[in-house]
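In: Sequence isn't available, so here's the structure alone:
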């Protein structure tokens with residue numbers, strides 16, 4: 001478990017360096033530790049070392065681990081099916097992966113049933129990769145408007161992007177830049193349920209470039225916990 005603590009220190013140092021390189025503070029960047037396939041013991045070690053936010057890709061993993069994890073903010077960062085919203089609506093602080101009005105409407109319905117407002121991010125697939133979910137940059141405005149017009153129990157907090165993998169992350173910075181343009185555009189609009197605070201871009205292999213492109217929320221898993229062992233699933 002000492003590796004987790006050491007890795008976290010290294011990641012935080014890299015976040016600081018990347019932020020300062022573009023005139024920002026490390027305090028402006030939220031680190032979400034991605035705990036896919038990780039044990040409660042590993043996750044709690046990260047929390048003890050200062051992690052305040054945990055991200056999970058699958059609803060079932062949230063359900064399996066929730067009661068064994070120390071107090072922390074949970075984020076749903078993976079693709080979410082509408083029929084599984086009900087299981088996490090009162091467990092997560094934010095859903096990063098909203099890419100359709102159908103999903104937003106179900107989140108709204110379940111949130112209304114709990115008497116809460118759910119924070120969401122719109123997932124933008126700026127590279128238009130077939131293997132990834134998310135809307136195109138051109139579709140962003142329409143989806144935001146439809147949600148604002150119809151979903152009283154949903155608050156849009158920003159955008160999320162998963163860029164293509166590249167050996168040199170500088171090669172995919174263009175996709176981060178495209179989402180940042182959208183983020184800046186909609187962040188200037190005043191609306192009680194449109195409060196752009198988070199630009200969720202960057203994972204273990206590219207978070208430094210993402211920060212340089214304007215990200216203020218990075219989702220880091222293997223660089224904290226080590227390579228995943230999928231046999232644990």
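Out: Alright, I've got the coordinates. Since this is a predicted model, take the numbers as computed values, not measurements. Numbers count the residues shown, from 1 in each chain.
In: Please count neighbours and contacts with C-alpha atoms only from this point.
Out: Will do.
In: Could you pull up the contacting residues of the nearest residue to residue 92 once chain neighbours are set aside?
Out: Excluding the flanking residues, the one nearest residue 92 by Cα to Cα, 6 or more residues apart in numbering is residue 74, at 4.6 Å. Contacts here follow Cα atoms under 8 Å, 6 or more residues apart in numbering; on that basis residue 74 touches 53-56, 91-94.
In: Now list the buried members of these.
Out: Among these, those scoring as buried are 53-56, 92-94 (criterion: 16 or more other Cα atoms under 10 Å).
In: can you put those in TSV and add secondary structure and pLDDT?
Out: Formatted as TSV, the buried ones among the contacts of residue 74 follow (DSSP: H, G, I helix; E, B strand; the rest coil; pLDDT from 0 to 100):
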residue	secondary structure	pLDDT
53	strand	98
54	strand	98
55	strand	98
56	strand	97
92	coil	98
93	coil	98
94	strand	98
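In: Is it possible to get CSV of those that adds distance to residue 156?
Out: Below are those laid out as CSV (distance: Cα to Cα, whole Å):
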residue, distance to residue 156
53, 19
54, 20
55, 18
56, 19
92, 15
93, 12
94, 10
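In: Can you tell me which of those is nearest residue 188?
Out: Residue 188 lies nearest to residue 94 out of these, by Cα to Cα, at 21.2 Å.
In: mind listing what's buried in stretch 76-91?
Out: Quick answer for stretch 76-91 (16+ other Cα under 10 Å): 76-80, 85-86, 88-89.
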